[in-house]
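[1] need coordinates for the following:
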Amino acid sequence: KIGNHRYTAIVENNHGYLLSSLKRIDEACLHLDKARRLFEMLNDHVRRAQVDETLAQLHLASERYDLADVAIDLAVNTLESSGEQAFLAEALITRGIVLCRLGKQPEAKPIFERAQRVAERCEDNEAAGRALLILIEEMCDQLADDERREIGAQANQLLANSQQHATRERLRKCLETIAEAH
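    Have a look, this model is predicted:
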């Protein structure tokens with residue numbers, strides 16, 4: 001009512017994300033669309049791109065991969081020109097997942113690797129390691145033995161000090177998968 005549309009848009013995005021995590025897809029879409037329109041009206045391209053990434057994740061969760069592809073393309077294209085490298089790294093990770101779900105693993109691999117490099121430049125080892133974990137989880141069978149071991153070693157190094165129990169568990173499973181595949 002007081003006209004702070006930017007905070008309204010932020011709350012709409014957060015509300016949409018929460019509803020998405022609760023698998024209330026249709027409701028989440030409504031809030032995310034509203035947030036996107038508000039950020040567009042405010043000419044806030046970076047936050048609009050963040051909403052686009054959230055929409056891509058929502059579409060991934062509901063297995064609407066074509067819609068996820070459109071949303072993440074919008075996010076990545078905006079973030080590539082924004083200078084917001086940390087946000088770009090996260091969007092690239094989502095882009096890689098979308099490509100894997102679309103069966104485009106050869107296109108996804110360089111995207112995950114780029115996400116890792118961008119995150120490392122931002123000194124975000126957690127995001128860099130997560131990009132490699134997802135690469136292993138999504139494409140382990142399609143990687144050569146040497147490549148799997150190298151990616152596993154890099155992920156292990158990047159995530160050695162992770163405070164996230166779930167991330168450490170995923171890393172352990174990925175390293176076991178690499179050992180078994182070898």
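
[2] contacts, neighbours, all on C-alpha from now
    Fine.

[3] chain center to stretch 72-90, what's the gap?
    Put simply, stretch 72-90 sits 11 Å off its chain's centre (C-alpha atoms, centre = their mean, to the nearest Å).

[4] could you dump it to PDB, C-alpha only?
    Once side chains and other backbone atoms are set aside, the C-alpha atoms of stretch 72-90 remain, and they are given as PDB (Å, rounded to 0.1, in the frame of the first residue of the first chain):
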ATOM      1  CA  ILE A  72      16.800 -20.300 -17.900                       C
ATOM      2  CA  ASP A  73      17.900 -18.900 -21.300                       C
ATOM      3  CA  LEU A  74      16.300 -15.500 -20.300                       C
ATOM      4  CA  ALA A  75      18.100 -15.600 -17.000                       C
ATOM      5  CA  VAL A  76      21.500 -16.600 -18.400                       C
ATOM      6  CA  ASN A  77      21.400 -14.000 -21.300                       C
ATOM      7  CA  THR A  78      20.500 -11.200 -18.800                       C
ATOM      8  CA  LEU A  79      23.100 -12.200 -16.200                       C
ATOM      9  CA  GLU A  80      25.900 -12.600 -18.800                       C
ATOM     10  CA  SER A  81      25.700  -8.900 -19.600                       C
ATOM     11  CA  SER A  82      25.000  -7.700 -16.000                       C
ATOM     12  CA  GLY A  83      28.400  -8.400 -14.400                       C
ATOM     13  CA  GLU A  84      26.600 -10.400 -11.600                       C
ATOM     14  CA  GLN A  85      29.000 -13.300 -11.800                       C
ATOM     15  CA  ALA A  86      27.800 -15.100  -8.600                       C
ATOM     16  CA  PHE A  87      24.200 -15.100  -9.900                       C
ATOM     17  CA  LEU A  88      25.500 -16.200 -13.400                       C
ATOM     18  CA  ALA A  89      27.200 -19.200 -11.900                       C
ATOM     19  CA  GLU A  90      24.000 -20.400 -10.200                       C
END
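
[5] what does it contact?
    By C-alpha atoms under 8 Å, 6 or more residues apart in numbering, the residues outside stretch 72-90 that reach it are 45-46, 48-50, 52-53, 55-56, 91-92, 94-95, 114-116, 118-119, 122, 124, 127.

[6] which among these count as buried?
    Buried by 16 or more other C-alpha atoms under 10 Å: 45-46, 48-50, 52-53, 55-56, 91-92, 94-95, 114-116, 118-119, 124, 127, out of those.

[7] any low-confidence regions in this protein?
    1-3 (pLDDT under 70).

[8] ok, back up a step: which ones among the buried ones among the contacts of stretch 72-90 lie within helices?
    With DSSP state H as the criterion, helices contain 45-46, 48-50, 52-53, 55-56, 91-92, 94-95, 114-116, 118-119, 127 from among the buried ones among the contacts of stretch 72-90.

[9] between the two ends of stretch 113-129, how far is it?
    Looking at stretch 113-129, the gap from its leading to its trailing residue is 10 Å under the measure C-alpha to C-alpha, to the nearest Å.
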